[in-house]
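[1] how would this look folded up:
(one chain, ligands or ions: 1)
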Amino acid sequence: MDHRLQKHIDSLVSRYPELSVCEMDIKKAYDILEDSYSHDGKLLIAGNGGSAADSEHIAGELMKRFKIPRPVPESFKEKLISVDPVRGELLSMNLERGLMAIPLVAHEALSTAYINDVDGLGVFAQQLYGFGRAGDVFLGISTSGNSKNVLSATVVARALGIKVIGLTGKNGGELANVSDVAIKVPATETFMIQEMHLPVYHCLCLMLEDRFFGE
Ligand SMILES: O=C(CO)[C@@H](O)[C@H](O)[C@H](O)[C@H](O)COP(=O)(O)O
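    Numbers count the residues shown, from 1 in each chain. As a prediction, the model looks like this:
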């Protein structure tokens, strides 16, 4: 792996030595994401409770600058100038390029209506079916690896040609079995698993940002 990207993993492992067991799987997950983003794909993310918050957090890191400024291309700025009816005023916008990431835990009106009218367990599957396209990536976050609404979404992912990354606890659960790669952090207690998920996904976001927006 490029030393520029490896440095993020080295930093992760120096801060969290227990996560060294995840190194290979983090690299595999990175490769899947890099390939998807290189071909105009996107990331769809789902999880429950604390992992729902993580889903939103990840989208936030990817959709705008994390550490590196991501200026929009000059050609697009020129388009902004050409369509700005009140020259200058709107150009104070500081748009940034994003890596497209959609948290399937958002969209409350859609989710609550689907859960209420159709099927509680299909809430992520329905959104994945709507938003997902072949070549995208689904990231399922589950400390147990057995949350049925996340597992249902993996079935839809397979049917659509969407690769699945699982982020789980040590035991992996069913999610690890149905993922293209499962990052199983070495903890078994829900809150401790969640505490290890954060540095793992930060590392992936840093690697992707460096790849697509670094020098
Ligand atoms: O944040 C916490 C516990 O720390 C809880 O909200 C927790 O995320 C919820 O119980 C989830 O429903 C657990 O689901 P999962 O991680 O096993 O898929």
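[2] what packs against the biggest helix by length in the chain?
    Once the chain is assigned using DSSP state H, the helix that runs over the most residues is helix 190-213. For helix 190-213, the packing partners by 3 or more C-beta pairs under 8 Å, 6 or more residues apart in numbering; DSSP states H and E come out as helix 3-15, helix 23-38, helix 50-62, strand 163-168. C-beta: built from backbone N, CA, C; applies to glycine.
[3] pLDDT of that helix, averaged?
    Summarised as a single mean, pLDDT over helix 190-213 is 98.
[4] check stretch 66-82 too.
    pLDDT averaged over stretch 66-82 gives 87.
[5] dump the residue contacts of residue 170.
    When contacts are counted by C-beta atoms under 8 Å, 6 or more residues apart in numbering, residue 170 touches 184-188, 193.
[6] can we see that at 6 Å?
    With C-beta atoms under 6 Å, 6 or more residues apart in numbering as the criterion, the residues that contact residue 170 are 184, 186, 188.
[7] picking up where we left off before, ok, and what's touching the longest helix of the chain?
    Contacting residues not belonging to helix 190-213 are listed as 4-5, 8, 12, 16, 30, 33-34, 50, 54, 58, 61-62, 66, 68, 70, 99, 143, 167, 169, 183, 185, 187 [C-beta under 6 Å, 6+ apart].
[8] what does residue 100 show for phi and psi?
    Summarising the backbone geometry of residue 100 under the convention degrees, to the nearest 10, its torsions are phi -60, psi 120.
[9] distance of it from residue 135?
    Using C-beta to C-beta, to the nearest Å, one gets 12 Å for the distance from residue 100 to residue 135.
[10] ditto for residue 149
    From residue 149 over to residue 135 (counting by C-beta to C-beta), the distance is 23 Å.
[11] what's the least confident helix or strand in the chain, going by average pLDDT?
    Of all helical and strand segments in the chain, the minimum by mean pLDDT, DSSP states H and E falls on helix 74-83, at a mean of 82.
[12] the more surrounded of residue 149 and residue 135?
    Between residue 149 and residue 135, residue 149 has the larger neighbour count (other C-beta atoms under 10 Å), namely 21 against 16.
[13] mind listing what that one touches?
    Residues counted as contacts of residue 149 (C-beta under 6 Å, 6+ apart) are 121, 123-124.
[14] related to what we said a few turns ago, show me which residues of the longest helix of the chain are buried.
    Counting neighbours by 16 or more other C-beta atoms under 10 Å, one finds that the buried residues in helix 190-213 are 193-194, 196-197, 199-213.
[15] next, the angle from it to strand 163-168.
    Regarding helix 190-213 and strand 163-168, their directions subtend 140 degrees when assessed with axes from the mean of the first three to the mean of the last three C-alpha atoms, to 10 degrees.
[16] kind regards, and thank you for your time.
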